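Colleague: Could you work out the structure for the sequence below:
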Amino acid sequence: MWKQTWQRLWQRWWQTWTIDKPAALGDWLWLVLVVELAALLDRLTLRKLIALIPVVILIVAYLHRIPLPPELMLVGDALAYIDIFSMIFLIGLFTRLATVMAVVRQAIAFVRDIAGRVPKALHRLDMRHRRATDSARRRRLTRAGNDDDDGAVVAGLAWA
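Modeller: Below you'll find the model as predicted:
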């Protein structure tokens, strides 16, 4: 009886450590290395990937015993927050563009104003003031055709 109990105990122990425990370890490894890794890769975004770049740089630098300048880690932070920096950059660019456009509009208005004053200034500088070409014809049209409209001339008489 002691032998059968010992044999059953041994078989149960053997099955637990040779079949059940390795199977549980295999299931756990499958869960961690395949299922969880696939879920992590599904949730991985470009921003999270860029945020990992400074960590990789830091690990490689420490493995090779390279002293890191602080600027390199700041570059990593800038890469991690690139969407915020790009928005700040675009806002700055748009405000500069609006300023440049306002200056260009003012310059165009100034040039138009100056160009509108040029003909008047040139006309003032012209001293000769030429007569119109139809002035002789106009004089002919206004002159009386006969002498009936002239006043009467009486010798020795003065009109007051």
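
Colleague: where in this structure is pLDDT low?
Modeller: Counting by pLDDT under 70, the ranges of the chain that qualify are 76, 124-160.

Colleague: and the helix ranked longest in it, what other elements does it pack with?
Modeller: Among the segments of the chain that qualify as a helix by DSSP state H, the longest is helix 82-125. Secondary-structure packing of helix 82-125 (3 or more C-beta pairs under 8 Å, 6 or more residues apart in numbering; DSSP states H and E): helix 46-63. C-beta coordinates here come from the backbone N, C-alpha and C atoms, glycine included.

Colleague: now with 10 Å?
Modeller: Contact partners of helix 82-125 among helices and strands, from 3 or more C-beta pairs under 10 Å, 6 or more residues apart in numbering; DSSP states H and E: helix 46-63, helix 70-80.

Colleague: Is residue 66 in a helix, a strand, or coil?
Modeller: coil (DSSP: H, G, I helix; E, B strand; the rest coil).

Colleague: so it sits right up against residue 60, yeah?
Modeller: Yes. Checked against C-beta atoms under 10 Å, the pair residue 66 and residue 60 is within contact range at 7.9 Å.

Colleague: quick revisit: could you tell me how far the longest helix of the chain lies from the centre of the chain?
Modeller: On the basis of C-alpha atoms, centre = their mean, to the nearest Å, helix 82-125 is displaced by 18 Å from the centre of the chain it belongs to.

Colleague: between it and helix 70-80, what angle do the directions make?
Modeller: Angle, helix 82-125 to helix 70-80, by axes from the mean of the first three to the mean of the last three C-alpha atoms, to 10 degrees: 80 degrees.

Colleague: so helix 82-125 versus helix 46-63, what angle?
Modeller: Computed by the same axes, to 10 degrees, the angle between helix 82-125 and helix 46-63 is 110 degrees.

Colleague: got TSV for the helices and strands packed on helix 82-125, with mean neighbour count and distance to residue 19 too?
Modeller: As requested, the helices and strands packed on helix 82-125 are exported to TSV (neighbours: other C-beta atoms under 10 Å; distance: least, C-beta to C-beta, whole Å):
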stretch	mean neighbour count	distance to residue 19
helix 46-63	12	39
helix 70-80	13	47
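
Colleague: Need those in CSV (columns: distance to residue 93).
Modeller: As requested, those are exported to CSV (distance: least, C-beta to C-beta, whole Å):
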stretch, distance to residue 93
helix 46-63, 22
helix 70-80, 17
